[in-house]
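[1] Any chance you can model this:
(one chain, ligands or ions: 1)
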Amino acid sequence: MLALWLLVFITGLAVGSFLNVCIYRLPLGQSLVTPPSHCPKCNHRLGAGELVPVLSYLMLRGKCRCCGARISPRYPVVELATGLAFVLLVMVFGWQIKTLGYLILFCGLLTASLIDWDHQIIPDQISLLLVGAGLILQALQSTGTLINGIIGGLLGGGLLLVLAVLSKGGMGGGDIKLVTGIGVFLGWQLLLVSLFLSFIIGSLLSGIWILIKRQGLKTAVPFGPFLSLGAIITLFYGEQILNWYLNCF
Ligand SMILES: [Zn+2]
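    Next comes the predicted model:
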């Protein structure tokens with residue numbers, strides 16, 4: 001049994017390593033396949049040993065073997081987070097199609113969040129992939145889940161569109177498409193829980209940020225990470241939160 005979980009964890013690490021490539025290259029419009037991974041400073045092409053997730057970072061002590069340029073600790077953190085998420089999601093939801101959907105959703109959200117954080121954009125490829133994969137996986141489960149997914153996507157996209165108009169550009173087109181994808185995976189009830197959590201987390205953290213920086217929010221805060229965090233918490237605790245809320249009435 002341990003060997004199985006180790007395999008799930010290693011698969012997650014490897015997928016996380018690919019997500020790092022997407023996070024770096026997608027916003028720059030570069031191919032995800034060519035050229036092979038290299039140091040962005042000195043172009044030194046990474047050997048097999050330097051491509052091993054997490055371990056290579058530790059062995060190289062966070063520096064390029066060739067030129068000594070610092071490698072961001074975010075690379076191993078993304079790999080570890082993906083590995084752990086894979087184990088947790090499979091443990092909680094078991095071996096079923098729904099779990100595969102949640103794994104894809106997690107990967108899409110992590111990638112979108114970090115790109116949004118770095119560049120204040122959410123590439124359309126990620127949102128389109130989420131909407132497409134979400135619809136296919138919902139259809140594979142049942143007609144009911146497919147309909148719930150479609151309603152979730154339309155509701156999410158619609159609500160964010162209204163917010164984008166009201167906030168006069170504070171919320172962007174990227175956010176609208178990302179939430180459409182989240183809605184397709186979660187269905188409409190859990191989508192509402194997810195948005196609620198995102199706005200609570202978003203306002204709390206931006207409030208703290210303003211206090212620390214002692215300046216107004218003149219610069220746009222990327223909202224993708226909050227939308228993603230809300231959705232990921234909902235994956236694990238959405239049902240409980242929803243039941244608790246419904247029992248209050
Ligand atoms: Zn280098």
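[2] so what secondary structure elements neighbour the helix of greatest length in the chain?
    Ordering each helix of the chain by length in residues (DSSP state H) puts helix 173-213 first. Applying 3 or more Cβ pairs under 8 Å, 6 or more residues apart in numbering; DSSP states H and E, one finds that helix 173-213 contacts helix 97-119, helix 124-141, helix 143-166, helix 224-247. Just so you know, the C-beta spots here come from the backbone N, C-alpha and C atoms, and that holds for glycine as well.
[3] Buried ones in the last one, by neighbour count?
    For helix 224-247, burial by neighbour count (16 or more other Cβ atoms under 10 Å) applies to 224-235, 238, 241.
[4] cool, the shortest one as well?
    Along helix 124-141, these residues count as buried under the neighbour rule (16+ other Cβ under 10 Å): 126-127, 129-131, 133-135, 137-138.
[5] Please apply the same query to the first one.
    By neighbour count with 16+ other Cβ under 10 Å, helix 97-119 contains the buried residues 98-116.
[6] Among the buried residues of helix 224-247, which one lies nearest to the ion?
    When the buried residues of helix 224-247 are compared for distance to the ion (Cβ to the ion), Pro225 wins out at 28.9 Å.
[7] Quick check: that closest one touching Ile115?
    No: counting by Cβ atoms under 8 Å, Ile115 is not a contact partner of Pro225; they are 10.0 Å apart.
[8] Enumerate every residue touching the closest residue to Gly202 other than its chain neighbours.
    Leaving aside its chain neighbours, Gly202 sits nearest to Phe226 (3.8 Å; criterion: Cβ to Cβ, 6 or more residues apart in numbering). By Cβ atoms under 8 Å, 6 or more residues apart in numbering, the contact list for Phe226 reads 198-199, 201-202, 205.
[9] Tell me the buried residues within those.
    Buried among these by 16+ other Cβ under 10 Å: 198, 201-202.
[10] So which bits of the chain are right by the ion?
    Residues of the chain lying close to the ion (Cβ under 5 Å from the ion) are 39, 41-42, 44, 64, 66-67, 69.
[11] Give me the pLDDT for the spatially closest residue to Gln141 that is not a sequence neighbour.
    Leaving aside its sequence neighbours, Gln141 sits nearest to Ile97 (Cβ to Cβ, 6+ apart; 5.6 Å). On pLDDT, Ile97 comes in at 92.
[12] Good, wrapping up.
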